[in-house]
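*Asks:* kindly generate the corresponding structure for this input.
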Amino acid sequence: IVFGNGARDGDGDATATGFMPCEGAQGIFADYGFLGDRFAHTEELKNDPYFAAFQTNSWGGGRTTAYNSTSSEMDDIIFRLDIAITQSQSNAGNQQSRPQAWAKNIISVGGIRHRDTLDESDDAWSGGASIGPAADGRIKPDVHYWYDNIRTTTTGSGYTNTFGGTSGATPQVAGVLGLMAQMWADNVWGTDPQGATVFDKLPHHTTLKALLINNGKQYPFTGTTSDLTRTHQGWGRPNVEIAMNRAADSFIVDWDQPLTVGPAASYDIQVGSGETELKITMIYPDPPGTTSSLLHRLNDVDLRVVSPGGTEYFGNVGLEAGNYSVPGGAPNGVDTVENVFVENPEAGTWTVEIEAVEVNVDGYLDTPGDDVVFSLVVTGGRGGAVCGNGEREIGEECDGADLGGQFCEDRGCAGGGTLACTPQCTFDTSS
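*Replies:* Residues are numbered from 1 along each chain as shown. The predicted structure is shown next:
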């Protein structure tokens, strides 16, 4: 499903072509029966000679509704190793799910029946895949894909049209995940990733997850009891075509701005006239939770969005019962994934604020103090420069110590001198 090359080598079936059939995309297979230390196994995947960009799993521990030690283990693996991992939710038709799927940092995958047609009007959950929410109220699954009638290889050299379940949906999401990793390396979003290979250029795991969610195609629904409600379909079905079409009007933060409790990170987003949809996704990595707690996030980072006219939106408000956000409400203190989706947004400058409300444990191990980081993906609008973040961006001459490689002589200083940057992010040649 992920890597099948169909008939490209002359001995296969083109109708069973996978998401990443091209030469250079290489799958690495492991037998979970011989897994042993899962942290060590996953760490090995990230190193020479494998350099795995992501991991996908259509298996898991015994079904449960609880965030247990297995859930916590997965959060620890992903948090410390910074790797995107997809996980099947399971097929109980209720909240009984694989414990790995309840992890905060994982990409849990649900399933929707497409009934082997291109007509989406007959698609339904209809009591098949396991569903959310998590025991502490977090929205799960994160995303979904097709649950039924999946054509793929089977035992020996044969093919089947009847593979399915979330075991089939999960590798489909993994295929989109792999394509988005390639798109990132190809600079589709204008982020200018550095390195020689796709692995070198990978964004952080929460950024890949945010790209999947933000570029998901939602089924229309109303209410929390709808067949296609939020906790049945997740945040939608990840879609590469949508991602490509919306990349030109996007803004991304990939762990660029660590936060402590205090002032929020603020971004100006320019939305053009006639834009049909503004989607804002914020995800923060969180250390493994405590299994005995009623709330499994440890830190708390909130998303707040304000329209040009002053209308205020908070993460996930209204999205459990409909496709688009509802103004007002209160900050979200439960989810590590927060979204604001606005239909037909007002043209002008929108403000996106990310605030660390609680930093109870260190959420970013690359700095000496206790702080947190986040991924932000915005589509339907373009980001403006943020003066004061220490990073020179488009529209700024400089920002803090970042002078863009310029010296005083380059700016016409007579007899030398020291070039500096003003609080307004313009050059100061007075010294």
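*Asks:* any idea which element residue 376 lies in?
*Replies:* Assessed by DSSP states H and E, residue 376 sits inside strand 375-379.
*Asks:* show me which positions of the longest strand seen in the chain end up buried.
*Replies:* Longest strand in the chain by number of residues, with DSSP state E as the criterion: strand 348-358. Neighbour-count burial for strand 348-358 flags 350, 351, 352, 354, 355, 356 (criterion: 16 or more other Cβ atoms under 10 Å). No exception for glycine: its C-beta is placed from N, CA and C like everyone else's.
*Asks:* before we move on, what about stretch 308-315?
*Replies:* Here stretch 308-315 shows 313, 314, 315 as buried, counting by 16+ other Cβ under 10 Å.
*Asks:* in this structure the last one contacts residue 340, no?
*Replies:* It refers to residue 315. Yes - Residue 315 lies in contact with residue 340 (Cβ atoms under 8 Å); the separation is 6.3 Å.
*Asks:* between the buried residues of stretch 308-315, which is nearest residue 285?
*Replies:* Nearest to residue 285 among these is residue 315, at 16.0 Å by Cβ to Cβ.
*Asks:* re earlier: within the sheet, what are the partner strands of the strand holding residue 376, with directions?
*Replies:* Partners of strand 375-379 in the sheet, by DSSP bridges, are strand 250-254 (antiparallel), strand 277-283 (antiparallel).
*Asks:* hey, which of those strands is tucked in deepest?
*Replies:* Per-stretch averages of neighbours, counted by mean count of other Cβ atoms under 10 Å, single out strand 277-283 among the strands paired with strand 375-379, with a mean of 26.
*Asks:* how about the CA coordinates for that strand, as CSV?
*Replies:* Provided in CSV are the C-alpha atoms of strand 277-283 (Å, rounded to 0.1, in the frame of the first residue of the first chain):
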residue,chain,number,x,y,z
GLU,A,277,-11.1,28.6,3.9
LEU,A,278,-8.6,29.6,6.5
LYS,A,279,-7.2,26.6,8.4
ILE,A,280,-4.8,27.0,11.3
THR,A,281,-3.3,23.9,13.0
MET,A,282,-1.0,24.0,16.1
ILE,A,283,0.6,20.9,17.6
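*Asks:* can you add pLDDT and give the buried residues of stretch 308-315 back as TSV?
*Replies:* Compiled in TSV, the buried residues of stretch 308-315 are given as follows (pLDDT from 0 to 100):
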residue	pLDDT
313	98
314	98
315	98
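*Asks:* re earlier: run the chain-centre distance for the strand holding residue 376.
*Replies:* 9 Å (Cα atoms, centre = their mean, to the nearest Å).
*Asks:* all strands of the stretch 251-400 of the chain, in order?
*Replies:* Using DSSP state E, counting those that start in this stretch, the strands of the stretch 251-400 of the chain run over 265-271, 277-283, 300-306, 312-314, 337-343, 348-358, 375-379, 382-383.
*Asks:* for those, which one sits closest to residue 164?
*Replies:* With Cβ to Cβ, the closest approach to residue 164 among those belongs to strand 337-343: 25.9 Å.
*Asks:* ok, and what's touching the closest one?
*Replies:* Residues from elsewhere that reach strand 337-343, judged by Cβ atoms under 8 Å, 6 or more residues apart in numbering: 138-139, 142, 209, 213-214, 235, 276-283, 301-303, 305, 307, 313-316, 319, 323-325, 332.
*Asks:* tilt between that strand and strand 265-271?
*Replies:* When axes from the mean of the first three to the mean of the last three Cα atoms, to 10 degrees is applied, the directions of strand 337-343 and strand 265-271 differ by 30 degrees.
*Asks:* neighbouring contacts of the longest strand of the chain?
*Replies:* Contacts for strand 348-358 (Cβ under 8 Å, 6+ apart): 257, 259-262, 264-271, 278, 280, 282, 299-309, 331, 333, 371-372, 374, 376, 378, 381, 384.
*Asks:* for ChimeraX, write the selection for the buried entries among those.
*Replies:* Here is the ChimeraX selection string for the buried members of the contacts of strand 348-358, based on 16+ other Cβ under 10 Å:
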select :257,259,264,265,267,268,269,271,278,280,282,299,300,301,302,303,304,305,307,331,371,372,374,376,378,381,384
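*Asks:* now do the contacts for residue 3.
*Replies:* 18, 19, 20, 21, 25, 26, 27 are the contacts of residue 3 under Cβ under 8 Å, 6+ apart.
*Asks:* what of residue 179?
*Replies:* By Cβ under 8 Å, 6+ apart, residue 179 lies in contact with 19, 20, 240.
*Asks:* ok, the last one - contacts?
*Replies:* Contacts were defined as Cβ under 8 Å, 6+ apart; by that measure residue 240 touches 176, 179, 180, 183, 215.
*Asks:* all set, thanks.
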